[in-house]
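Chemist: Just to be clear, the model below is a prediction. Sequence and coordinates:
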Amino acid sequence: MTFTFRPIAPSDRQLIEELVRAYYAFDGLTYDTTLHGPALDQLVEGDPAVKIWIVESEGETAGYLILTIGFSMYYGGKDGFIDELFLKEAYRGQGGGAEIMRFADKQAKELGLAYLHLEVTEPNTRARGIYERRGFAPTGHILMSKRTAP
């Protein structure tokens, strides 16, 4: 499978919302318009700490990838987090996830990231297998979160 990766544009607001909603439905997550809508607005407006690409195959939208850039003393400086990676059903199981991960690795190197992180749900064994084959491993740390904005 061959994908092209197109940086998101402001005109992609509706498209990215449709993709995010599809991903959340697939993963059993709840899309909250009051929480996720403003985040999508931020994405399409641009933010130097966030990279997002629309994944395309032969001119058709296949999915998306969001990579956030941060800093961690523990992990050696600039690091990245694959915040979301989604492929539509028609593009799964054909090596597409591995291709997207190769692209993410390339971007991480170009951005000078010392580490690249991601999270995956326990039951998603297909994705976990892809990530493990790409060198990702559990850190022994537990991700903990707290919402700070209304």
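Modeler: That came through fine.
Chemist: now the strands: where do they sit in the chain?
Modeler: Assigned by DSSP state E, the strands in the chain fall at 4-7, 50-57, 60-72, 77-87, 115-118.
Chemist: Reformat the ones you listed into CSV and put distance to residue 40 and mean neighbour count next to each item.
Modeler: Just so you know, the C-beta spots here come from the backbone N, C-alpha and C atoms, and that holds for glycine as well. Below are the strands of the chain laid out as CSV (distance: least, Cβ to Cβ, whole Å; neighbours: other Cβ atoms under 10 Å):
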stretch, distance to residue 40, mean neighbour count
strand 4-7, 15, 14
strand 50-57, 10, 20
strand 60-72, 11, 18
strand 77-87, 11, 19
strand 115-118, 20, 18
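Chemist: Tell me which of these lies nearest to residue 105.
Modeler: Nearest to residue 105, of all the strands of the chain, is strand 115-118, at 7.0 Å by Cβ to Cβ.
Chemist: Walk me through which strands the closest one pairs with, and which way each runs.
Modeler: Strand 115-118 has these partner strands in its sheet, going by DSSP bridges: strand 77-87 (parallel).
Chemist: The strand it pairs with vs strand 60-72, what angle?
Modeler: Orientation of strand 77-87 against strand 60-72 (axes from the mean of the first three to the mean of the last three Cα atoms, to 10 degrees) gives an angle of 160 degrees.
Chemist: Could you number the chain from 516 rather than 1 from now on?
Modeler: Shifting the count to begin at 516 puts that one at strand 592-602.
Chemist: Run the chain-centre distance for strand 592-602.
Modeler: Put simply, strand 592-602 sits 5 Å off its chain's centre (Cα atoms, centre = their mean, to the nearest Å).
Chemist: need the strands of the chain in a markdown table with distance to residue 548 and mean pLDDT, can you?
Modeler: Listed next are the strands of the chain as a markdown table, based on distance: least, Cβ to Cβ, whole Å; pLDDT from 0 to 100:
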| stretch | distance to residue 548 | mean pLDDT |
| --- | --- | --- |
| strand 519-522 | 25 | 96 |
| strand 565-572 | 19 | 97 |
| strand 575-587 | 18 | 97 |
| strand 592-602 | 17 | 96 |
| strand 630-633 | 25 | 95 |
